[in-house]
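In: Just need the structure, nothing else, for what follows:
(chains A and B)
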Amino acid sequence: MKRVNVFCLLCFAVFFFVQSCKKDDEVIQNGTTTVVPTDTTKPFAPTPYLVQIPVGLPLDYPIPSPLDNPLTVEGVELGRKLFHDKILSKNNVQSCGSCHSQLFGFTDEAKQFSFGASNQKGERNSMPLFNLAYVEKFAKTDHRFFWDGGAKNLESQVLGPITNPLEMEETLTNVIDKLQKHPQYPALFKKAFGSDSITTAMLMKAIAQFERIIVSGETRFDYFKLFGDQSKLTAQEKRGLELFNTEEKADCFHCHSLSGAFMTDFLFHHNGHQSSDPGLGRITNNPEDKGKFRTPSLRNLVFTAPYMHDGRLAKLEDVVEFYNSGAIRTYPADPFITKHPNGLGLTSDEKADLVAFLKTMTDSTLITNTNY
Amino acid sequence: MKKSILILLCSTVLLIVQSCKEGDKDDNTTATSSASTTGSTFESGITYNSKGKLTLMFNPTFGAQAFELSPKSYVTAAADTIRITQLTYYVSNVTLTTSAGNKINLGNYELISQIPGQQAKVLLDSIPAGCYTSISYMIGVDSLANSTGVHTGALDPSYGMYWAWSTGYVFLRLKGRFTSQNTAYSFDIGGDGNVMNVNHDLSNYKTGGTALTANINVDVAKFFNTPNKYDLKTDAIDIHSAGVPSIAKLKVNIANAFNITAIQ
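Out: Modelled structure (predicted):
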């Protein structure tokens, strides 16, 4: 009897020993096995994230991203979850995606202004989010994101909407605290950045990674332009393109150059609007910059109405009419606007042609891509 | 005759040894006279014979008065009565210059919150051996860290010294009540052009050791007076972007308000 008991005990001891050898994350404490959520034996090695670049974007290099924040599967997945999680806002009522909805090219439905966490009204139109990684590569100054160019990189851009009292209205200490106490986030941060002690920098990096993978460049116009496929554009759309590129007609191409992939010069201009918003001037404090705003891309306009920094123009027809006859033609409007002192003088057919052409730069994969 | 020369020689040696000893201590007035006559005492500046440490201790005052937060009131040179609720700033790029003119940037980013009764210090360790005749630092953050994403340590944006709407750090925040007019004042100084460079000449100190402490007085009264009189009745009482014209006065005053009072 005694011998059997001793034998059994020995067996148990061996069993426990083998168990604890087998799994690094199990230790025996006070005779019970406790699972410790660490895997210190495994080196931190996230998987690189590869983006399939659409045909209209530069194909000779991967998505640009900073050296200290490379795209990883774990980082992008975390960023995606954060982007769509209301935890980032005051009282957990809205996410980034609430005002940047994929179905609307990552803008806020058809709203002129969005409403914040306390239902307060914003002051500028929600910006579309795609091809942002290229803004960092091609912008000629360090004024890159937001309508006024206030954010110098995507990482710091992330903090703007979260802390803006008109938007998600949350403090960073609250956000980090909520994420740290969440049942899933600490482990997800560890997978993405090697530590489950969440920091602001990790939050910024994760969302910036997700924003960088949103790309768009799969349009009829791209195929027409790159491969000369004449069947991709109708006769009316081709007439619109001609007007777009003609200095004495619509004259759009100076700021929205079609030679590059992004239909923007990555600069800031005063387009002759009648808004008191100081725009870039608020950032640079240079009086010459007052009222200047980022030249937006012309891709996906079909999804992103209304238009302009303050969303004052509801339809593309309104945008064309604005440049045709509505814009102020004197300083501080840009020289590209003031050089047409009497407006553009487009006929109604020409305006229709121009609108038809603008719609050819529509990429429906932007609103259907399940990676977003 | 020979004997008396010997005595004289002996006493000279004794004197030299004496003054070296004094020089070894922190007394820089005696060191002044001995430095030129002996080679063994400390040179002009602060000397580390081996790798050493320097602690910068930031001690705020308001003129001769002790620094206290609200409800304590102070009167500025422009006869404005104010209270202070917060004084916080970044200290970065602490750089020591050797007597030969070589600069050593110790590369720190530190966030200093001046709270009465709490020490506000920057510890610099691993200072290479050498004799240093000046020390400089930025009140603020260099343009590289200000625009690229460091965001860790003292530069974590969650400390609230960060502009998310216009990428960059708030270099210095001073805020409180402008009680004479029953309103608030709030200075957030930031923007690459507004870094406040402080430089302290150390050549009058002739000291050394392995662990030294520099006491730095931060005279908030000078923020409003030296050299530019800052009048809350006419100058800006709310500064929250880089281009407010009144910053030009303030940033010079603030850089002037940092002065070393002692090094031990």
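
In: how about residue 256, what does it touch?
Out: No chain was given, so I picked chain A. A:Phe244, A:Met263, A:Thr264, A:Asp265, A:Thr295, A:Leu298 (Cβ atoms under 8 Å, 6 or more residues apart in numbering or on different chains). (C-beta placed from N, C-alpha, C; glycine too.)

In: wrong chain, I was asking about chain B
Out: Applying Cβ under 8 Å, 6+ apart, the residues contacting B:Asn256 are B:Lys222, B:Thr226, B:Pro227.

In: Number of residues surrounding the first one?
Out: I take that to be B:Lys222. For B:Lys222, the neighbour count with other Cβ atoms under 10 Å in any protein chain shown is 23.

In: Let me know the distance separating it from chain A.
Out: B:Lys222 sits 26 Å away from chain A, going by Cβ to the nearest Cβ, to the nearest Å.

In: Tell me if that residue really is in a helix.
Out: Yes. Under DSSP: H, G, I helix; E, B strand; the rest coil, B:Lys222 sits within a helix.

In: related to what we said a few turns ago, show me which of the contacts of B:Asn256 has the smallest pLDDT value.
Out: Least confident entry in the contacts of B:Asn256, by pLDDT: B:Thr226, with 93.

In: Excluding chain neighbours, give the residue nearest to it in space.
Out: In this structure, B:Thr226 finds its nearest non-sequential neighbour in B:Asn256, 5.0 Å apart by Cβ to Cβ, 6 or more residues apart in numbering or on different chains.

In: pLDDT at the one you found, what is it?
Out: So, for B:Asn256, pLDDT stands at 97.

In: phi, psi of A:Lys137?
Out: phi -80, psi -40 (degrees, to the nearest 10).

In: Can you give me the distance of the residue in chain B that chain A sits nearest to to B:Ile189?
Out: Across chain B, no residue is closer to chain A than B:Gly243, which sits at 2.2 Å (Cβ to the nearest Cβ). Using Cβ to Cβ, to the nearest Å, we find B:Gly243 at a distance of 11 Å from B:Ile189.

In: Mind pulling up the pLDDT for A:Leu346?
Out: For A:Leu346, pLDDT reads 98.

In: To clarify, my last question referred to B:Gly107.
Out: For B:Gly107, the model assigns a pLDDT of 81.

In: ok, the nearest residue to it once chain neighbours are set aside - how many residues close by?
Out: Nearest residue to B:Gly107, sequence neighbours excluded (Cβ to Cβ, 6+ apart): B:Asn93, at 7.0 Å. By other Cβ under 10 Å, the residues close to B:Asn93 number 19.

In: cool, A:Pro287 as well?
Out: Residues near A:Pro287, counting by other Cβ under 10 Å: 10.

In: what about the nearest residue to it once chain neighbours are set aside, helix or strand, and which?
Out: Closest residue in space to A:Pro287, ignoring its immediate chain neighbours: A:Gly281 at 6.7 Å, by Cβ to Cβ, 6+ apart. Secondary structure assignment for A:Gly281, by DSSP states H and E: helix A:280-284.

In: what residue lies at the spatial centre of chain A?
Out: Against the mean C-alpha coordinate of chain A, by Cα atoms, centre = their mean, the closest residue is A:Leu129 at 3.6 Å.

In: what's the distance between that residue and A:Val73?
Out: 20 Å.

In: can you list the domains in the chain?
Out: You didn't say which chain, so I picked chain A. Split into domains by automatic domain parsing, chain A comes to A:2-35, A:73-213, A:220-368.

In: not what I meant, chain B
Out: B:1-41, B:44-263.

In: so how far is the longest one from its chain's centroid?
Out: Remark: domain B:44-263 is offset 7 Å from the chain centroid, using Cα atoms, centre = their mean, to the nearest Å.

In: Can you tell me the closest non-neighbouring residue to the residue of the stretch 1-150 of chain A found nearest chain B?
Out: Residue of the stretch 1-150 of chain A nearest chain B, by Cβ to the nearest Cβ: A:Gly150 (4.3 Å). Leaving aside its chain neighbours, A:Gly150 sits nearest to B:Ser166 (4.3 Å; criterion: Cβ to Cβ, 6+ apart).

In: A:Ser78 - that's part of a helix, no?
Out: For the record, residue A:78 is Leu, not Ser. Yes. Per three-state DSSP, A:Leu78 lies within a helix segment.

In: Show the contacting residues for A:Tyr49.
Out: A:Leu71, A:Thr72, A:Val73, A:Gly75, A:Val76, A:Gln209, A:Ile213.

In: Helices of the stretch 151-300 of chain A, start to end?
Out: With DSSP state H, counting those that start in this stretch as the criterion, the stretch 151-300 of chain A has helices at A:154-157, A:159-163, A:172-181, A:185-193, A:200-213, A:220-227, A:235-244, A:280-284.

In: ok now do the residue nearest to B:Gly107, which residues does it touch?
Out: B:Asn105, B:Gly107, B:Asn108, B:Ser136, B:Tyr137, B:Met138, B:Asp142.

In: How about the secondary structure of it?
Out: Criterion first, three-state DSSP; result for B:Asn93: strand.

In: Skipping adjacent residues, who's closest to residue 87 in space?
Out: No chain was given, so I picked chain A. A:Lys178 is the one closest to A:Ile87 (Cβ to Cβ, 6+ apart), at 5.3 Å.

In: that's the wrong chain, I meant chain B
Out: B:Gln114 (4.3 Å).

In: Point out the residues in chain A that sit beside chain B.
Out: A:66, A:68-69, A:142, A:146, A:150-153, A:155-157, A:159-160, A:162-164, A:171-173, A:176, A:199-201, A:204-205, A:282-286 (Cβ under 8 Å from any Cβ of the partner chain).

In: List only those of those residues flagged as buried.
Out: A:66, A:69, A:146, A:150-153, A:155-157, A:159-160, A:162-164, A:172, A:176, A:199-201, A:204-205, A:282-285 (16 or more other Cβ atoms under 10 Å in any protein chain shown).
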